[in-house]
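Participant: next comes the sequence, and after it the predicted model I'd like to discuss.
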Amino acid sequence: MKKNNKQFNIILTGVGGQGPITLGKIITETGFLQGFEVKTSELHGLSQRGGSVTVQIRMGKNIFSPLVSQGEADLVLALERSEALKGCYYASKKRTIFLINDFEIYSPSFGSQKLPGLKEIIFEIRPFARKIYTVKASEAVQKNFGLAVLAGVFVLSGAVHKGLIPVSPENLLKAIKSNVPRGFDLNKKAFSLAKDNFEI
Amino acid sequence: MNIEKLLYKPAGERAILLGNFAVMRGALEAGVQFVSTYPGTPASEIGDGFSLLEKAGQGNFYFEYSINEKVALEAGIGASFSNLKALVAMKSFGLNVASDALLPFVYTGSKGPTVIVVADDPSCHSSGQEEENTRGFAYLAHIPILEPSDPQECKDFTKFAFDLSEKFEIPVILRLTTRVAHQSSIVKLGEIERPKERIGFVKNYKKFVTMPPRVLEMHEELLDKIEGIRKVAEESVVNLIDDWSDSAKIGIITSGVSYLYVKEALQLLNLKIPVLKLGFFHPLPIKKIAGFIEPLKKVLIVEELDPYLEKEIKILAKDINPKLEIMGKSLLPEAKELTPEIVISAIANLAGKKLKISLPVSGGKLKIPQRFPNLCAGCPYWSVFNGVKQAVKEAGLKNEDVVFGGGIGCYMLASFPPHNIQDYLLCMGSSLGVAHGIKKADKKQKLISFVGDSSFFHSGIPALINIVHNQSNPLIILMDNQITAMTGQQPYPGIAESGRKEKGQKVKLEEIVRACGIRHLKIIEPAKDYKEFVSAVKAFLKKDEATVIIARGPCVRIKK
């Protein structure tokens, strides 16, 4: 299938509790403010309870399907590093950039099983990726604000400032304000932190 | 943006709406006056949204979370019989519960226009019971069914469904699936109508009372109504044809979210093939379909789950175009939801186009442990499950010696590690009904049945009375977390909060349990009195009549 430059597809993966659904809403509204057609698909229900969550976001022209087709993702944004592997299905060597929060979340359902390390994860993803970036976002927001849930906005802001998503930082900030009006001040700080401190 | 502002944006503006919120906007535009629901994913946001609007003092409608879907529909029927515009929302399994009221309601017909929103969940993303296809109710209930594919259509079809219901005095189902209900996109908003003046219930024996022989006349009138609606469907824009060409030899017929996958696939494959998109599932626009398939050599039917459309079109083609090659489930799966790539490959096959897939096979060798959803930190259910396991052990039993009955709610998570105590799971309230049967099959079988507080009100009470009256002795743990937790902390009759500005009257679980005839009842907070809980489970396991422990402790997600 040939690459279609008119569309930008994002696979956002993470763990329930990291705020992936809200982050998906923020990205969608940013695309809307940018003047794109937008479409999002999300799953609810068990997602709040520490399960894996995938949100699919599409923006551009002639967007029909709410789901990204296999291999058609432009960006896989993983809020937890092992969850980045969920993006492989939607990714391809020619097209996809992975941006991974280098952070691990344990689940009681693992028992004694261990999650793979970052090296193993990257080795696995490489055949599906044009480029792989990792960032210690959870560490950064924990250190600066003591609040891990800000990692999402931090990563997103970094991605936008580095040009990994075709939207402007101004529109992103507007979308953050309209989606998290109560926590806006802290989110704005996380947004600004990523502007100058996003090493990938 | 908060939902009050979002849903009352002025006409002409555009807003990003979730499919479920678009349904709400459609209902508001139609001037809805009465909304009832029982929460269930993927339909929950409809009720939750109306609850927020009501609490914010917006809208001229009555809203309630009813005790179950049958009661929600019956409340909607009462509103409709009283000339109100009514909307009832539920998930797929809810319609099974409500079907006893639904079928006669289609016979009497509605008075105030009535729309029933039902959300299916192909691939069972959040539905444990079975992979339901509500379209089948068209055959059972003769009820008109509309299928939107995106949020814009969610809004427009809801309004259209109210119009249709008003004109033909018949309830209409708006059938959603997860990928429609939980799809967000840009919706162009229309005018919000002022609700009509209230008239109240006007007696009409001939219309509202289903008694033979009148009910048989009603059946005939219903069949006539459907033919009348079919004429509307033949002309309606909700059934549309894209890219028609008189010289076309192949075509596609589709509906719901599958239409979006078809459009995406045609774009990706760079193909122009006529597409008939059906907004009506029932009644089908027979003439329109006939006209579409008549000149074709091949047609592909793209639909999720059962091949209902395919079967109807095969029957139709026998007269219209017997040589037509009809493809559908020969290329597409009958179980699980469709995805764009499945549809891409089917359409490539239809058009004789080779697919150049150069992707490495996904799902590599790296094994990662599965991240099951789990109980929240601080959830009172941790103490319940741990306490039950400890009591079983202290009673000298193994987990294998005891049957653990499961039900629908957060306590479904008992099925996953680290708990692993769930031996059967069917539907709301069934942990009790099934427990009775197992006990009757083998009196000596030790059995502990879990039931949630909301499930108990929903459909557990008759089963408990059956256990008492017909004398079996399961140990029942009534998980009282003071809320309907799994679907997003909706209120239920055990608390005074009602989901409206006005408080409701609290109905006490222990009073109901005692009134059902249970003589061994303990009310314990396992998170606080863990030892007492463990001893109670041990003691009750030995009783030769039915026992109940109300395990109390509020859900940690309750907003204070």
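Facilitator: Ah, there it is. A quick note: this is a predicted structure, and the numbers were derived from the prediction, not measured.
Participant: how about the residues of the stretch 451-560 of chain B near chain A?
Facilitator: B:486-488, B:557 (C-beta under 8 Å from any C-beta of the partner chain). In short, each C-beta sits where N, CA and C put it, glycine included.
Participant: so which of these wins on neighbours?
Facilitator: B:Met486 (27 neighbours; other C-beta atoms under 10 Å in any protein chain shown).
Participant: ok, that residue - contacts?
Facilitator: By C-beta atoms under 8 Å, 6 or more residues apart in numbering or on different chains, the contact list for B:Met486 reads A:45, B:408-410, B:412.
Participant: repeat the analysis, applying 7 Å as the threshold.
Facilitator: Residues in contact with B:Met486 (C-beta atoms under 7 Å, 6 or more residues apart in numbering or on different chains) are B:409-410.
Participant: got a pLDDT number for it?
Facilitator: Note on B:Met486: pLDDT of 89.
Participant: next, count neighbours for residue 10.
Facilitator: I went with chain A, as the question did not name one. Applying other C-beta under 10 Å, we find 27 residues neighbouring A:Ile10.
Participant: chain B was what I was after
Facilitator: Neighbours of B:Pro10 (other C-beta under 10 Å): 8.
Participant: find the nearest non-adjacent residue to it, please.
Facilitator: In space, B:Pro10 comes closest to B:Leu189 once its chain neighbours are excluded; the distance is 7.2 Å by C-beta to C-beta, 6 or more residues apart in numbering or on different chains.
Participant: ok, that neighbour touching B:Lys9?
Facilitator: Yes. At 5.7 Å, B:Leu189 counts as touching B:Lys9 under the criterion of C-beta atoms under 7 Å.
Participant: higher neighbour count, the two?
Facilitator: B:Leu189 (22 against 16).
Participant: hmm, back to that, helices - which of the residues of the stretch 451-560 of chain B next to chain A land there?
Facilitator: Among those, no member is found in helices (DSSP state H).
Participant: okay, among those residues, which ones form the most distant pair?
Facilitator: Spatial extent of those (C-beta to C-beta) is set by the pair B:Thr487 and B:Arg557 at 11.4 Å.
Participant: okay, the strand or helix carrying A:Thr13 in CSV with CA atoms only?
Facilitator: Using DSSP states H and E, A:Thr13 sits within strand A:7-15. What follows is strand A:7-15, C-alpha atoms only, in CSV (Å, rounded to 0.1, in the frame of the first residue of the first chain):
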residue,chain,number,x,y,z
GLN,A,7,-3.2,11.8,6.2
PHE,A,8,-1.4,11.6,9.5
ASN,A,9,-2.1,8.6,11.7
ILE,A,10,-1.2,8.3,15.4
ILE,A,11,-1.3,5.3,17.6
LEU,A,12,-1.3,6.3,21.2
THR,A,13,-0.6,3.4,23.6
GLY,A,14,-0.4,3.3,27.4
VAL,A,15,-1.8,1.9,30.5
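Participant: ok, what's across the strand from the residue nearest to the spatial centre of chain B?
Facilitator: By C-alpha atoms, centre = their mean, chain B has its centre lying nearest to B:Lys91, at 1.0 Å. Listed beta-bridge partners, B:Lys91: B:Ala119 (assigned using DSSP bridges).
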